[in-house]
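Engineer: Quick one, what's the 3D model for this:
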Amino acid sequence: MSTPAESSLTLSSLEIASIADALAMAAPLAAVLGVVDRIAMHRIGTIVFSASLCRVDAMEVERIYSSRPQAYAVGVRTNKRQTAWGRQVLQEQKVFVGEGALEMAAAFDDKEGMASIGVRSIINVPIVVQGRCLGVLNFGRGVERVSPSDVTIARFLSLAACPAFLATPA
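Structural biologist: Numbering: from 1, shown residues only. You can find the predicted model right below:
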């Protein structure tokens, strides 16, 4: 028997089937990211979701998916060289959680843009396979606090996206 907190961490059979169906497509990345976007919106209240490819050698990320392309356009490259975020997420391959205006301002140049669309917290999860950071999933939320279960769901969704990142040429 699972507790209510544990059951909220369990994906439904429909969500799992949606991920599996997206992974089975010939070009799965966009399909998987669309499914992850929908699940994140429902499960952790994401108001903006994006995904980026990592170029760790150049310390850059390039956005390849955005739930709000008018605010966060696909194709934009961002230099993360000499930033604490870049060291933590790209080099150390650790999840970044930013809660509230001060933490968001310390980590991101675009803090005003994020605030203008209502982002009050963020979870950034690196997609890491065999020691290589392939990408980052970005879960922007409209509330300041991030719970451990929110991070767990975001991390699980990054695992679901791994095969699609592997199937995408760098």
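Engineer: low pLDDT regions in this structure?
Structural biologist: Low-confidence segments of the chain, defined by pLDDT under 70: 1-9, 170.
Engineer: quick one, helices of it?
Structural biologist: 4-8, 13-23, 28-44, 84-85, 100-107, 111-116, 148-166 (DSSP state H).
Engineer: Give me the distance from the shortest one to the chain's centre.
Structural biologist: Relative to the chain's own centre, helix 84-85 is displaced by 16 Å; criterion: Cα atoms, centre = their mean, to the nearest Å.
Engineer: Stretch 74-91 too?
Structural biologist: Distance, centroid of stretch 74-91 to centroid of chain: 14 Å (Cα atoms, centre = their mean).
Engineer: What is the end-to-end distance of that stretch?
Structural biologist: 23 Å (Cα to Cα, to the nearest Å).
Engineer: quick one: buried residues of it?
Structural biologist: Neighbour-count burial for stretch 74-91 flags 78, 80, 83, 85, 86, 88, 89, 90 (criterion: 16 or more other Cβ atoms under 10 Å). The C-beta positions use only the backbone N, C-alpha and C, and glycine is treated the same way.
Engineer: Distance to residue 131 for these - can I get that in CSV?
Structural biologist: Shown next, in CSV, are the buried residues of stretch 74-91 (distance: Cβ to Cβ, whole Å):
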residue, distance to residue 131
78, 23
80, 19
83, 21
85, 20
86, 17
88, 16
89, 15
90, 13
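Engineer: Can you give me the buried ones in stretch 106-117?
Structural biologist: Within stretch 106-117, judged by 16+ other Cβ under 10 Å, the buried ones are 107, 108, 111, 114.
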